[in-house]
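# Here is the input, now give the coordinates:
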Amino acid sequence: MSSRPGSQPKPAPNAKESPAAPAPEGLFKAVSSSRVSQVIVEQIRMLLKEEKLKPGDRLPSERDLCVHFGVSRVTVREALRILEAGGLVEIRVGARGGAFVTTPDSRQVGEGLATLLSLSPLTAAEVTEARLVFELGIVPLIVERATDEDLDELFALCDTHIAAMEEGVYTMEMSAEFHTRVADCTHNAAIRMLVESFHGPLLMSLREAQTVEPRMGKRGSREHRSFVEAVAARDVEKASGVMRTHLERTAARVRSQGA
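I've put the predicted structure just below:
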């Protein structure tokens, strides 16, 4: 798993590796703005979008970037920090170090979306309504694409959660974990990204539902297993029915809480 945005610089590549080719001359344009660093960031993002810069390319040195953009080194460093936080460049130290173009992974993008969602005035009822649309919508993909390894992991997860329920240590985090792992069975990176971004609101809605039914999870954890059994049987109709019943009960609880 990649490091979190803003992490410590990574060590330089092995000395035996051939140095990356520098970016072509004339690629960057001098900028003039009250928010110069952000203009630089947008310019580099556009170069990435146009594929004039590609993952693995090494940006010019800070000194050369100052000349290209016509700005101070402080401004260039600020722009590089923004790009690094966004997962667009990786800063390496050492003789072969520098700023290298990379691409953000789904977790990094998901964290950004999660932050936006957590700051939005979402209600538990809205979140659950969205889950009904989204999670029911991906059931056919799950049934079609879940591998034997996926199914083994889901059955093991269900057994662990049922045991936790019997021991009185089941948590809403476990419920969220199951739904996240189920979405992974689509083997679709965009779906995975959306699910990761929705983790915070999902937990919020589950915990609010739990205030209505403190023992929430006993029936749900068994429904999780019934869902996996339907997926293993490649039965879209049954899997959809189990998931709909499961989600609609949560929806009813959060609606009653907000009434």
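# going forward, measure contacts and count neighbours with C-alpha atoms only.
OK.
# For the chain, name the helix or strand with the lowest mean pLDDT.
strand 10-11 (a mean of 49; mean pLDDT, DSSP states H and E).
# Run through the strands of this protein in chain order.
10-11, 89-93, 98-101 (DSSP state E).
# Could you export those strands as TSV, including mean neighbour count and distance to residue 206?
Formatted as TSV, these follow (neighbours: other C-alpha atoms under 10 Å; distance: least, C-alpha to C-alpha, whole Å):
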stretch	mean neighbour count	distance to residue 206
strand 10-11	13	38
strand 89-93	21	37
strand 98-101	20	39
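# For these, give me CSV that also has distance to residue 123.
Below are these laid out as CSV (distance: least, C-alpha to C-alpha, whole Å):
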stretch, distance to residue 123
strand 10-11, 40
strand 89-93, 36
strand 98-101, 39
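# Which of the ones you listed comes out lowest on mean pLDDT?
When the strands of the chain are ranked by mean pLDDT, strand 10-11 comes last with a mean of 49.
# Give me the buried positions along the longest helix along the chain.
Counting by DSSP state H, the longest helix found in the chain is helix 236-258. The neighbour-count check on helix 236-258 (16 or more other C-alpha atoms under 10 Å) flags 236, 238-240, 242-244, 246-247, 250-251, 253-255 as buried.
# Could I have the CA atoms of that helix written out in CSV?
Extracted C-alpha coordinates of helix 236-258, given in CSV (Å, rounded to 0.1, in the frame of the first residue of the first chain):
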residue,chain,number,x,y,z
VAL,A,236,-28.6,-12.7,-8.7
GLU,A,237,-32.3,-12.6,-7.7
LYS,A,238,-31.7,-14.1,-4.3
ALA,A,239,-28.6,-12.1,-3.6
SER,A,240,-30.5,-8.9,-4.5
GLY,A,241,-33.4,-9.9,-2.3
VAL,A,242,-31.2,-10.6,0.7
MET,A,243,-29.4,-7.3,0.3
ARG,A,244,-32.6,-5.3,-0.2
THR,A,245,-34.1,-6.7,3.0
HIS,A,246,-30.9,-6.0,4.8
LEU,A,247,-30.6,-2.4,3.7
GLU,A,248,-34.3,-1.5,4.0
ARG,A,249,-34.3,-2.5,7.7
THR,A,250,-31.4,-0.1,8.3
ALA,A,251,-33.3,2.6,6.3
ALA,A,252,-36.4,2.1,8.4
ARG,A,253,-34.4,2.5,11.6
VAL,A,254,-32.7,5.8,10.6
ARG,A,255,-35.9,7.2,9.3
SER,A,256,-37.6,6.5,12.7
GLN,A,257,-34.7,8.1,14.4
GLY,A,258,-35.0,11.3,12.3
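# quick one: average pLDDT of it?
Helix 236-258 shows a mean pLDDT of 88 in the predicted model.
# and what of stretch 188-201?
The model assigns stretch 188-201 a mean pLDDT of 84.
# what does stretch 58-74 give?
For stretch 58-74, the per-residue pLDDT averages 90.
# quick one: buried residues of that stretch?
Buried residues in stretch 58-74, counted by 16+ other C-alpha under 10 Å: 58, 59, 60, 62, 65, 66, 68, 69, 70, 71.
# Tell me which stretches of the stretch 101-250 of the chain form helices.
106-118, 124-137, 139-145, 148-166, 172-184, 189-197, 199-212, 218-232, 236-258 (DSSP state H, counting those that start in this stretch).
# coming back round to it: turn the buried residues of stretch 58-74 into JSON lines, including distance to residue 220.
Output for those, formatted as JSON lines (distance: C-alpha to C-alpha, whole Å):
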{"residue": "58", "distance to residue 220": "51"}
{"residue": "59", "distance to residue 220": "52"}
{"residue": "60", "distance to residue 220": "55"}
{"residue": "62", "distance to residue 220": "55"}
{"residue": "65", "distance to residue 220": "56"}
{"residue": "66", "distance to residue 220": "58"}
{"residue": "68", "distance to residue 220": "59"}
{"residue": "69", "distance to residue 220": "58"}
{"residue": "70", "distance to residue 220": "60"}
{"residue": "71", "distance to residue 220": "58"}
